[in-house]
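> Below is the sequence, then the predicted model.
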Amino acid sequence: MKIWKGGARVRNKKSEWAYRLMTLPGLLLLVLFCYVPMGGIIMAFENYVPSRGILGSEWVGLENFRYLFSMPDVSQVIGNTVIIAVSKMVLGIAVPVAFAILLNEVCSVGFRRVVQTIVYLPNFISWVILGTIFQQMFSANGLVNTFVQSLGFEAIPFLSSGPIFRALVILTDCWKGFGFGTIVYLAAILSISPDLYEAATIDGANRFQRILHVTLPGMLSTIVLMGTLSLGNVLNAGFDQIFNMYNIMVYDYADIIDTYVYRIGLISMQYSLSTAVNLFKSVVSCGLTATAYIMASKFANYRIF
Amino acid sequence: MGKRRYSVVDIIIYAVLTLGTVLCLLPVLNMVAISLSETSAAATGTVYLWPKKFTLASYQKLLSEANFFSSFMVSVKRVLATLLVAMPITITMAYALSKEKKYYRERNVVMWLAVITMMFNGGLIPTYITIKNYGMINNFWVLVIPGALNVWNMIIMMNYFRSIPHELEEAAMIDGAGAWRVLVRVFLPISLPTLATITLFTVVNSWNDFFTGLVYITKTAQYPLQTYIRSLTVKIDFTSMNPAQLIERMKVSSITFNAAKIVVSMIPVMIVYPFLQRYFVSGLVMGSVKG
């Protein structure tokens, strides 16, 4: 024992340096590509002109923010973002939970595995590709509308009517993402002790009652955890998806903070304004995420890092 | 659950699950069917899951499309380069950060520095200016280096390393192994499921990313594949067309040809996915949820 302790102390010094060395490349990347750009946030408080640079541009204080919140666009964009993001969060929990419960009711392990594999697949297809596919499927004479018309109904303006497009965005996002949730929730269900089910059966519980009183309570902590962790995404409505699916006809209903930042930043070249919008988003998200993690560690004893 | 006969409820459950599963495959199968159909048939929107007037013309045409192949190769190179750069960085960082503070004093500081970047960023314009100052515009490595450390993947890996019993490490250290040797010889061989998981995430993320290419690459020939595909469909100028014209444009753009490009661009992910998928459930759940 004594030898080990002595040995360990020598080792520790050496291995501590090894750990530092191991962190170095990652840390370097973080500094170069995350922290250095953060310095540029100053331009949110300036009237940034590229030729003058960040240090030489005129300081305007909170003027950009004042201007932002007086623009009708911005409140609409924030509203869209929250509505889309929250709908996605709710569906993103409800659908996988239901799907996992149903999947657990199936006895055949092979069937279960095949279903799990296939429903997780859309997660791996990019929004560029899905955007193209959906734009085609839901266009005026695409697959879906041809089908709708063959049933004798009017074609549905999926891509040009704001409210319908917004619903389409929320549903397709759920479609793409529910496989991941299903895997997580199914794992939670499988960790419930079989004894509980047996006891419930002996007490005369039928299938529905077993789901209600054993399965659901058993997965509740996971549901709460996933729900809490998704809180930080209230202002993240999914740039990739909307950027690849929307068009000018549906801006009123589907333009979100990130797409707005992109357009006023890189297309209209209002650099300061774009950075100000993003800063607002970052600060709010940061607060929400911090709250979410504190809640998660308090209620679910969850420690992520 | 004992053996029992299939009830009506069972049948309904199977039906719902099957429907959900089929729904996930439908758009992809539809794309495959369109890519194998004749343009005239596809433009009417009546190709469902089976090609109409079967033809390989789109794929033949694709063979002579130089831009598609140069972009395809850019993406392949990018994925390989990202794996080579990102995996060692992510793994070593995860290993070091899996140590408690008493073994690695700056551990919590570094951890916070990493976590903050998940919540807070400089934003599009400041990042663009930074990358430009580094001279990385139109440089292949802009597709690899800035995104090489994915903090989320690092945390998944770290959480897995943490769940490995300390005794294993102690035993190896008593035998005289240093930190590097412990990582390579002891930790990595028993971390295969999680390694497979983050490998898959890394491959898929770098294959699917279109935004880096869109913002930092201005030469079409250097576009990665996803950026190239996006440029095909969004050459429509939204501001100068009325809705009717727009819809017309969407119709006439070569539907079958684009479908073929999309199908080919999905192939690599479809090849990797089943191989790594079996590790997946365990790797993901252990790393991210159980913590």
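Alright, I've got the coordinates.

> From now on I want contacts and neighbour counts done on CA atoms only, so please keep to that.
Noted.

> Identify the residues contacting the closest residue to residue A:122 other than its chain neighbours.
Spatial nearest neighbour of residue A:122, excluding adjacent residues (C-alpha to C-alpha, 6 or more residues apart in numbering or on different chains): residue A:176 at 5.0 Å. When contacts are counted by C-alpha atoms under 8 Å, 6 or more residues apart in numbering or on different chains, residue A:176 touches A:120, A:122-123, B:24.

> For the helix or strand where residue A:176 lies, give the mean pLDDT please.
Secondary structure from DSSP states H and E places residue A:176 in helix A:162-190. Helix A:162-190 shows a mean pLDDT of 91.

> Name the next helix or strand downstream of that helix, please.
helix A:194-202.

> what comes up buried for that following helix?
Across helix A:194-202, burial judged by 16 or more other C-alpha atoms under 10 Å in any protein chain shown covers A:197, A:200.

> Can you tell me what sits against it?
Contacts for helix A:194-202 (C-alpha under 8 Å, 6+ apart): A:210, A:214.

> what residue ranges in the stretch 151-300 of chain A score low on pLDDT?
A:300 (pLDDT under 70).

> Spell out which residues of it are next to chain B.
Contact residues (C-alpha under 8 Å from any C-alpha of the partner chain) of the stretch 151-300 of chain A with chain B: A:160, A:175-176, A:183-184, A:187, A:244, A:247-249, A:261-262, A:265-266, A:271, A:274-275, A:278-279, A:282-283, A:285-286, A:289.

> Put the buried members of those into a PyMOL selection.
Buried members of those, defined by 16+ other C-alpha under 10 Å, are picked up in PyMOL with:
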select buried, chain A and resi 160+175+176+183+184+187+244+247+248+249+261+262+265+266+271+274+275+278+279+282+285+286+289
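
> picking up where we left off before, and the two most separated of the contacts of residue A:176?
Pairwise distances across the contacts of residue A:176 peak at 10.0 Å for A:123 and B:24 (criterion: C-alpha to C-alpha).

> surely residue A:277 meets residue A:262?
No. Between residue A:277 and residue A:262 there is no contact, the gap being 10.3 Å when judged by C-alpha atoms under 8 Å.

> Go ahead and confirm residue A:178 touches residue A:119.
Yes. Counting by C-alpha under 8 Å, residue A:178 touches residue A:119, with 7.4 Å between them.

> per the record, what domains does the chain have?
Picked chain A for this. Per automatic domain parsing, the structural domains of chain A span A:2-59, A:65-299.

> oops, I was thinking of chain B
With automatic domain parsing as the criterion, the domains of chain B are listed as B:1-55, B:64-289.

> For residue A:123 and residue B:24, indicate the residue with more neighbours.
Taking other C-alpha atoms under 10 Å in any protein chain shown, residue A:123 and residue B:24 do not tie; residue B:24 has more neighbours (21 against 17).

> For residue B:76, see how far away the more buried one is.
As judged by C-alpha to C-alpha, to the nearest Å, residue B:24 and residue B:76 stand 26 Å apart.

> where along chain B do the strands fall?
Assigned by DSSP state E, the strands in chain B number zero.

> Taking it, what residue is nearest to chain A?
Per C-alpha to the nearest C-alpha, residue B:122 is where chain B lies closest to chain A, at 4.0 Å.

> Excluding chain neighbours, what is closest to that residue?
Nearest non-adjacent residue to residue B:122, counting by C-alpha to C-alpha, 6+ apart: residue A:38, 4.0 Å away.

> surely the one you found meets residue B:121?
Yes. With contacts counted by C-alpha under 8 Å, residue A:38 reaches residue B:121, the gap being 6.2 Å.

> So between the two, which is more surrounded?
A direct count of neighbours by other C-alpha under 10 Å for residue A:38 and residue B:121 places residue B:121 higher, at 24 against 19.
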